[in-house]
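# Sequence and predicted structure below; questions after.
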Amino acid sequence: MFIATLIAADRLAAGDISRARDALAAAGTEPGEAAWLEAEKAADIPFAGDPAAARGALDALGGGTDHVVQAAENRRKKLFVADMDSTMITVECLDELADYAGFKDHVAAITERAMRGELDFIEALDERVSLLKGLSSDIVTQCHEERVRLMAGGPTLVRTMKAHGARCVLVSGGFTLFADRVAADIGFDRAIANTLVIENGALTGAVARPVVDSATKERVLGEESAALGLQAAETLAIGDGANDLAMIRKAGLGIAYYGKPKLREAADARIDHGDLTALLYAQGYRREDWVAEA
């Protein structure tokens, strides 16, 4: 059996559920009765049949509703691995740092191309970081305080999953000076990120090796899964850019969060309308099961 979860950014009406059931039936699946996870917000439709056909049918409906199609078994994940920039936080930290150095537009354009998979990640990282040479390391703290904001729903997502026994890991192609703070604020068990080289209180324009890249993210997912004795089906990964492709493909449920085209094509599901609590609905958590933000 499979489950299609419908998640509205605004309001999910009975008519929306009815249209989704009709679309699933027209795609050759056998939909069962829908059940609310939260009234007028999210609902599950169980079905038998081809999940790829179900995804295609729901994609064709369009509208302001996200949907996640997956096997009913192992729906609640025991490992969550997440990207940071533009996923668990609302900004790209490197772009914001570059703003203090007067290079934001140039750096942001490179970031966009790298996240779309048009540039080599490490080469693009080195090029952008080199422009920060000479910037006071104190700017990082200032940038974090002034610019970094947690993505809506992130703390609730992580705290709820942890309360139900899941391990949560933040793995970022960004920097430890941000990731360590973000991980602590949200409640992640572990954070892995790149290290900016600092000498005499200033950034040198270099990133310490080895670099956390796509292969690192995939490896962390595999190592964490093995340490916990988990099958791939018991894992969840989320990201927004091409640097997240490998781990999204490896996870049991890989989510593109407002993702770039290449990631959207590879992901098992896309969140394009709601916030990060959509991943709780996707795992079958009802609203009353959530652990509220502190």
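Received, thanks.
# In this structure Asp50 contacts Thr29, no?
Yes: between Asp50 and Thr29 there is a contact under Cβ atoms under 8 Å: 6.6 Å. The C-beta positions use only the backbone N, C-alpha and C, and glycine is treated the same way.
# Pick out whichever of those two has more residues nearby.
Counted by other Cβ atoms under 10 Å, Asp50 and Thr29 do not tie: Thr29 has more neighbours, with 22 against 14.
# any idea how far that one is from Ala208?
Counting by Cβ to Cβ, to the nearest Å, the gap from Thr29 to Ala208 is 50 Å.
# what do you get for Val171?
Distance from Val171 to Ala208, by Cβ to Cβ: 16 Å.
# again, but for Ala227
25 Å.
# cool, and Ile122?
12 Å.
# Compare neighbour counts for those two and give me the winner.
Neighbours were counted for Ile122 and for Ala208 using other Cβ under 10 Å; Ile122 has more, 18 against 13.
# residues in contact with the closest residue to the more buried one other than its chain neighbours?
Distance criterion Cβ to Cβ, 6 or more residues apart in numbering; nearest residue to Ile122, sequence neighbours excluded, is Val211 at 5.2 Å. Val211 sits next to 121-122, 125, 173, 194 when contact means Cβ atoms under 8 Å, 6 or more residues apart in numbering.
# Filter those residues down to the buried ones, PyMOL style.
Only the buried entries of those go into this PyMOL selection, using 16 or more other Cβ atoms under 10 Å:
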select buried, resi 121+122+125+173+194
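# Tell me which residue lies nearest the centroid of the chain.
With distances taken as Cα atoms, centre = their mean, Ile238 lies nearest the centre of the chain, 2.8 Å away.
# Now do it against Ala13, distance only.
Distance of Ile238 to Ala13, computed by Cβ to Cβ: 27 Å.
# What of Leu135?
From Leu135 to Ala13 the distance is 51 Å (Cβ to Cβ).
# Which one's more surrounded, these two?
Leu135 (20 against 12).
# For that one, which non-adjacent residue is closest in space?
Counting by Cβ to Cβ, 6+ apart, Leu203 is the residue found nearest to Leu135 once chain neighbours are left out, at 4.7 Å.
# give me the number of residues near the one you found?
Around Leu203 there are 23 other residues, counting by other Cβ under 10 Å.
# try Ala54
Ala54: 25 neighbours (other Cβ under 10 Å).
# ok, for Met161, nearest residue in space, not its chain neighbours?
Phe80 (5.5 Å).
# do the same with Leu177
Val140 (4.6 Å).
# What distance do you get for the one you found to Ala163?
Counting by Cβ to Cβ - Val140 and Ala163 are separated by 32 Å.
# neighbour-wise, which of those two wins?
Val140 (23 against 12).
# That one and Thr176 touch, don't they?
No: counting by Cβ under 8 Å, Thr176 is not a contact partner of Val140; they are 10.0 Å apart.
# how long is stretch 121-141 end to end?
25 Å (Cα to Cα, to the nearest Å).
# List the buried residues for that stretch?
Buried residues in stretch 121-141 (16+ other Cβ under 10 Å): 121-122, 124-125, 128-129, 131-132, 135, 139-140.
# what do you get for stretch 157-176?
Within stretch 157-176, the residues that qualify as buried are 157-162, 166-176, counting by 16+ other Cβ under 10 Å.
# What of stretch 41-49?
By neighbour count on 16+ other Cβ under 10 Å, the buried set for stretch 41-49 is 41-45, 47, 49.
# and those residues as JSON lines, adding pLDDT?
JSON lines is the format used below for the buried residues of stretch 41-49 (pLDDT from 0 to 100):
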{"residue": "Lys41", "pLDDT": "97"}
{"residue": "Ala42", "pLDDT": "98"}
{"residue": "Ala43", "pLDDT": "98"}
{"residue": "Asp44", "pLDDT": "98"}
{"residue": "Ile45", "pLDDT": "98"}
{"residue": "Phe47", "pLDDT": "98"}
{"residue": "Gly49", "pLDDT": "97"}
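# Sort out for me which of those residues are in strands.
In strands, defined here by DSSP state E, the members of the buried residues of stretch 41-49 are 42-45, 47.
# TSV for those, including distance to Arg149?
As requested, those are exported to TSV (distance: Cβ to Cβ, whole Å):
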residue	distance to Arg149
Ala42	25
Ala43	30
Asp44	31
Ile45	34
Phe47	38
